[in-house]
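In: The sequence and its predicted three-dimensional model are supplied below.
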Amino acid sequence: MDNATNRRPRRRVLGRAAAAVAGCAALLGLQATPAPAAGTQLAAPYQNMDTCPTASPLLTAADNLQVGCVHSEVGGGTFRIGDYSVPIGAPMKLNWGIRWSSAAPTVDVLGSTANVYDTANPVGGPLLDAPVTEAPLPGLANFWPGVTSADIKVEPAGPIRNFVPLAVGSDHPLFEMPIKLKVIHPLLGSHCYLGTDAKPIVLRASSPAAPDMAVEVDPNGHETVVIKIIDGTLSDSSVAIPGASRCGLLGLGESNWIVNSLFDLPAGPGGNAVTFTGVDTSIAIDGSLESLTAALNDARG
């Protein structure tokens, strides 16, 4: 790396909230030390970041200005699909890695600029993990007498994209998250979905009401900063829901029409919505991959 690159000025971490604590130096092309093994519980403030993909091609790229880890937990919420409100299984847990490249992508938010982060899926654990929840669907009795509910499970349908954490408190989406909803009932078979990997439900959730935020420095002297976004509420009232797929005992879609009739699918934006409540998010971020990895290693329980 040439001297001009080494002299790159420090860049802000997430914005004004973190600038008061620490500036992040530009990535100097240092090789990463081994990351904590997946499944290792980390000490504060890095709890639940053990699957952060510090060795991934995205986070080890030489042109990165910032790298980091994200852990988020959703305490509850609902999908409104047509006339039905489907509860979200909670807690829903999400983990991924982030980087801000030397292209320095930003968007205008609240009269300022906010970094747009690329993301990498976790290693040794799921991107999204949510429990099954029961959804009251009394309309099912019109097709199968006595059947008034089904189980629903939220599953990932692709990587999170365009992560903009500084968009909290605005109408700008914090991320784009492709998901699919598994509809579980013995009469619908084991592969009944709303949304697929090829045609997912894409959530573009925003947080217009600014949640509480806190900033923590690394307890072992590393330059890593942890931003905590506490008890947020995210919503998307423009989500589109594709038609059902592979519903039926044969798994061939012979019961797709029942699920589509029940939810009036496919449905474009406007008639559906999603709300996540009690959202707590921790973002560990650093200008050096070596520093970030050392901070995680020192946080091993």
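Out: Perfect, I can see it now.

In: What's the end-to-end length of stretch 154-163?
Out: Length of stretch 154-163, first residue to last, Cα to Cα, to the nearest Å: 20 Å.

In: Just the residues contacting it, thanks.
Out: 70, 88-89, 92, 94, 96, 98, 116-121, 126-128, 130, 173-182, 195-197, 200-201 (Cβ atoms under 8 Å, 6 or more residues apart in numbering). All C-beta spots, glycine's among them, are computed from the backbone N, C-alpha and C.

In: Which members of the residues you listed are classed as buried?
Out: 70, 88-89, 92, 94, 96, 98, 116-121, 127-128, 130, 173-182, 195-196, 200-201 (16 or more other Cβ atoms under 10 Å).

In: helices or strands next to the host helix or strand of A135 in the packing?
Out: Counting by DSSP states H and E, the element that carries A135 is strand 133-136. Helices and strands touching strand 133-136, by 3 or more Cβ pairs under 8 Å, 6 or more residues apart in numbering; DSSP states H and E, are strand 84-87, strand 149-156.

In: List the buried residues in it.
Out: 133, 135.

In: Off-centre distance for it?
Out: 23 Å (Cα atoms, centre = their mean, to the nearest Å).

In: can I get the CA coordinates of that strand in PDB?
Out: Taking C-alpha atoms only, strand 133-136 is exported to PDB below (Å, rounded to 0.1, in the frame of the first residue of the first chain):
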ATOM      1  CA  THR A 133     -45.400 -19.100  16.400                       C
ATOM      2  CA  GLU A 134     -49.100 -20.000  16.000                       C
ATOM      3  CA  ALA A 135     -51.200 -17.700  13.800                       C
ATOM      4  CA  PRO A 136     -55.000 -17.600  14.200                       C
END
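
In: Contacts for that strand, please.
Out: Taking Cβ under 8 Å, 6+ apart as the rule, strand 133-136 contacts 84, 86-90, 148-153.

In: same thing but 6 Å
Out: 86-87, 89, 149-152 (Cβ atoms under 6 Å, 6 or more residues apart in numbering).

In: Relative to N256, which of those residues is nearest.
Out: A150 (14.2 Å; Cβ to Cβ).

In: Show me what that closest one bridges to in the sheet.
Out: A135 (DSSP bridges).

In: Contact partners for it?
Out: Neighbours of A150 in contact, by Cβ under 6 Å, 6+ apart: 135, 137, 183, 185.

In: Can you report how many residues lie near the last one?
Out: In other words, H185. 19 (other Cβ atoms under 10 Å).

In: likewise the one 4 residues further on?
Out: Burial of G189 is recorded as 19 neighbouring residues (other Cβ under 10 Å).

In: doesn't L252 make contact with it?
Out: No - with contacts counted by Cβ atoms under 6 Å, G189 stays clear of L252, the gap being 8.8 Å.

In: Name the single longest helix found in the chain.
Out: For the chain, the longest helix by residue count, based on DSSP state H, is helix 289-298.

In: Look at the nearest residue to S85 once chain neighbours are set aside and give its secondary structure.
Out: Of all residues not flanking S85 in the chain, T78 sits nearest, at 4.8 Å (Cβ to Cβ, 6 or more residues apart in numbering). Following DSSP: H, G, I helix; E, B strand; the rest coil, the label given to T78 is strand.

In: Can you classify the closest residue to P269 other than its chain neighbours by secondary structure?
Out: Closest residue to P269 apart from its sequence neighbours, by Cβ to Cβ, 6+ apart: S238 at 4.1 Å. What three-state DSSP gives for S238 is coil.

In: per-residue pLDDT, S238?
Out: Note on S238: pLDDT of 92.

In: Please tell me I have it right and it contacts A267.
Out: No - look at S238 against A267 with Cβ under 6 Å: they stay out of range, at 11.4 Å.

In: re earlier: to E216, which of the helices and strands packed on strand 133-136 lies closest?
Out: strand 149-156 (28.0 Å).

In: buried sites along the closest one?
Out: Buried residues in strand 149-156 (16+ other Cβ under 10 Å): 150, 152-156.
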